[in-house]
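A.B. asks: coords below, sequence missing:
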Ligand code: DP6
């Protein structure tokens, strides 16, 4: 059979940001479906740029034909991951086997910082693929386009599906959030106080070592965790309450939930079998200093953590000068080579080609 896309070629490129969860996704079922709904800030400075060149094949070969370059170099480990991911999504993108693809990807942040790039990279790739499908088939309205890209990003990495939207995104069916879905993220900023739309996130790099447990293995540990069911209920309640605090601009209550979520995530890992302790001594030191600083100065500075030792400091833009002085004077000494990445809430992905 001849190639229905004969002589078609083109290129698309997208920039997609990373995100930081406020209510965490931890535990999944089925094909990348979350056990509880989560919400995140979309970041601005930590992003991936991905371009995909596509040329219709002249042969009848139905194997995927992909050349993948990471930061200008061949990267067999990443290429293998991308190949498997693309094979798994052929049912969603039946055009894939008819093209030769050249994928180029690069991150705005050095990969030795311990920042997970899976969210931004899967989001950027999903946008490129959805864009190609749209160029071939047409017909997706903007909200459908981002919904599909989010669903595809989710199949690559769950949290990636929240990197598609400006300011904040919710992923997972939640009783009080209209249109929320387990299949894809949704934008969530209409009912959010402006203070949160310019929120800062300074990422303190305590260690850039590779994670001792992958997210995939971490999620799987929830299946045998004796606290799993109460955790999923807690996440539901946290999200209900957080939605109200985001609306009112209630910083103290926002911080209370966000910090509790981070510590719960780590507590869940500590009491899994096998158990993992992902905080390092300097993580605890930094958390302690943040709490003291907040109570002494009355500055709304809060922390959150991913599944690792690095600390995200969250604070309003108007407090940036004093918080960043505090970071330089009192916290950088606990970071690996004094490393910190200053980021903030951002407006979501952009098409760059
Ligand atoms: C702790 O999205 O990395 O960052 O779906 O297996 O790729 P996979 O997991 P991933 O898990 C992220 C977990 C988290 C919390 C969060 O981002 O919600």
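C.D. replies: Okay, I see it. This one's a predicted model, so the numbers in the text were calculated from it and none came from an experiment. Numbering: from 1, shown residues only.
A.B. asks: what about stretch 178-191, average pLDDT?
C.D. replies: Averaged across stretch 178-191, the pLDDT comes to 98.
A.B. asks: Pull out the buried positions in it.
C.D. replies: By neighbour count on 16 or more other CB atoms under 10 Å, the buried set for stretch 178-191 is 180-189. (C-beta placed from N, C-alpha, C; glycine too.)
A.B. asks: Now, these that are in strands?
C.D. replies: Judged by DSSP state E, the subset of the buried residues of stretch 178-191 located in strands is 185-187.
A.B. asks: Quick check: of those, which lies closest to the ligand?
C.D. replies: In terms of CB to the nearest ligand atom, no member of these lies closer to the ligand than residue 185, at 10.9 Å.
A.B. asks: who in the protein is up against the ligand?
C.D. replies: 21, 24-26, 32, 38, 118, 157-159, 215-216, 219, 265, 306-307 (CB under 6 Å from any ligand atom).
A.B. asks: Strands along the chain, start to end?
C.D. replies: For the chain, strands defined by DSSP E occupy the ranges 9-23, 28-29, 33-34, 38-56, 65-70, 73-74, 99-107, 168-171, 185-187, 200-204, 302-305, 311-315, 340-344, 350-351.
A.B. asks: mind checking which of those strands is nearest residue 236?
C.D. replies: strand 9-23 (9.1 Å; CB to CB).
A.B. asks: That closest one to strand 340-344, inter-axis angle?
C.D. replies: 100 degrees (axes from the mean of the first three to the mean of the last three CA atoms, to 10 degrees).
A.B. asks: Quick check, pLDDT for residue 247.
C.D. replies: Reported pLDDT for residue 247: 98.
A.B. asks: Surely it is in contact with residue 188?
C.D. replies: No. Assessed by CB atoms under 8 Å, residue 247 is found out of contact with residue 188, at 10.8 Å.
A.B. asks: Residue 252 reaches residue 300, doesn't it?
C.D. replies: Yes. With contact defined as CB under 8 Å, residue 252 and residue 300 form a contacting pair (7.1 Å).
A.B. asks: who has more neighbours, these two?
C.D. replies: For residue 252 versus residue 300, the count of surrounding residues by other CB atoms under 10 Å is larger for residue 300: 17 against 10.
A.B. asks: Spatially nearest residue to the more buried one (excluding sequence neighbours)?
C.D. replies: residue 251 (4.2 Å; CB to CB, 6 or more residues apart in numbering).
A.B. asks: Distance of residue 176 relative to the ligand?
C.D. replies: 19 Å (CB to the nearest ligand atom, to the nearest Å).
A.B. asks: Name the nearest residue to that residue, ignoring sequence neighbours.
C.D. replies: That would be residue 240: by CB to CB, 6+ apart, it lies 5.4 Å from residue 176.
A.B. asks: and the one you found, what does it touch?
C.D. replies: With contacts defined as CB atoms under 8 Å, 6 or more residues apart in numbering, residue 240 is in contact with 174-176.
A.B. asks: Just the ones of the residues you listed in helices?
C.D. replies: Among the contacts of residue 240, no member falls in helices (DSSP state H).
A.B. asks: Go through those and give me the one with the most neighbours.
C.D. replies: Among the contacts of residue 240, residue 174 has the most neighbours (other CB under 10 Å), with 21 neighbours.
A.B. asks: Test my guess that it contacts residue 238.
C.D. replies: No. Assessed by CB under 8 Å, residue 174 is found out of contact with residue 238, at 10.6 Å.
A.B. asks: Now do the helix or strand of the chain with the lowest mean pLDDT: which elements does it pack against?
C.D. replies: Using mean pLDDT, DSSP states H and E, helix 215-221 stands out as the lowest-scoring helix or strand of the chain, at a mean of 91. On a contact count with 3 or more CB pairs under 8 Å, 6 or more residues apart in numbering; DSSP states H and E, helix 215-221 meets helix 251-270.
A.B. asks: average model confidence for the helix it packs on?
C.D. replies: 98.
A.B. asks: Show me which residues of that helix are buried.
C.D. replies: Within helix 251-270, the residues that count as buried by 16+ other CB under 10 Å are 251, 254-259, 261-262, 264-266, 268-269.
A.B. asks: Roughly how far does the residue nearest to residue 247 when sequence neighbours are not counted sit from residue 246?
C.D. replies: Using CB to CB, 6+ apart and skipping residues adjacent in sequence, the residue nearest residue 247 is residue 191, 5.0 Å away. With distances taken as CB to CB, to the nearest Å, residue 191 is found 7 Å from residue 246.
A.B. asks: Check the buried residues of helix 251-270 and tell me the two furthest apart.
C.D. replies: Using CB to CB, the two most remote members of those are 251 and 269, lying 27.7 Å apart.
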